[in-house]
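# Sharing a model that was predicted from the sequence below.
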Amino acid sequence: QVQLAESGGGLVQPGGSLRLSCAASGSIFRIIAMGWYRQAPDKQRELVATIFNRGTTTYADSVKGRFTISRDNAKNTVYLQMNSLKPEDTAVYYCKTVTRRTGTDLRVYDDWGQGTQVTVSS
């Protein structure tokens, strides 16, 4: 099992910034990718940003230039720096990891955090 501990959500005014953190622990042999998704009320969950084990990143078009994903490999932690926040960024943000659990098990596992609320409002 992999446990994900998210933090950093909250209420912020439009144009403000927040930094989300997600620390992974448990049965981790190798982290293949870490990412952030979000789900607004009455909408489907969508991918926000991903960072792969070699540092490659991808972003949703709606957050490019405003959000930055980064990773501390020593701490198995992924961050999402969110700048120039807009009301439409309001959502529950979920951390996701893609991992291998042991050196002999070639299966890849997806694990999700419990979510953290981000509200952008004046």
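Great, that's in hand. Computed from a predicted model, the values in this text were never measured in an experiment.

# From now on I want contacts and neighbour counts done on CA atoms only, so please keep to that.
Noted.

# neighbours of Ala60, just the number please.
Neighbouring residues of Ala60 were enumerated by other Cα atoms under 10 Å; the total is 13.

# Quick check on the nearest residue to Arg66 once chain neighbours are set aside: phi, psi?
Leaving aside its sequence neighbours, Arg66 sits nearest to Asn83 (Cα to Cα, 6 or more residues apart in numbering; 5.1 Å). The phi/psi pair for Asn83 (degrees, to the nearest 10) reads phi -120, psi 160.

# Quick check: Asn83 touching Leu18?
Yes - Asn83 is within contact range of Leu18, at 6.8 Å (criterion: Cα atoms under 8 Å).

# Now do the shared contacts for these two.
Counting by Cα atoms under 8 Å, 6 or more residues apart in numbering, Asn83 and Leu18 have no shared contacts at all.

# Just the CA trace of stretch 60-71, in CSV.
Taking C-alpha atoms only, stretch 60-71 is exported to CSV below (Å, rounded to 0.1, in the frame of the first residue of the first chain):
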residue,chain,number,x,y,z
ALA,A,60,-3.3,21.2,-18.8
ASP,A,61,-3.6,24.1,-21.3
SER,A,62,-5.7,25.9,-18.7
VAL,A,63,-2.9,26.1,-16.2
LYS,A,64,0.2,26.5,-18.4
GLY,A,65,2.3,29.5,-17.4
ARG,A,66,0.5,29.8,-14.0
PHE,A,67,1.1,26.4,-12.3
THR,A,68,4.4,24.6,-11.8
ILE,A,69,4.8,21.0,-10.7
SER,A,70,8.0,19.9,-9.0
ARG,A,71,9.3,16.9,-7.1
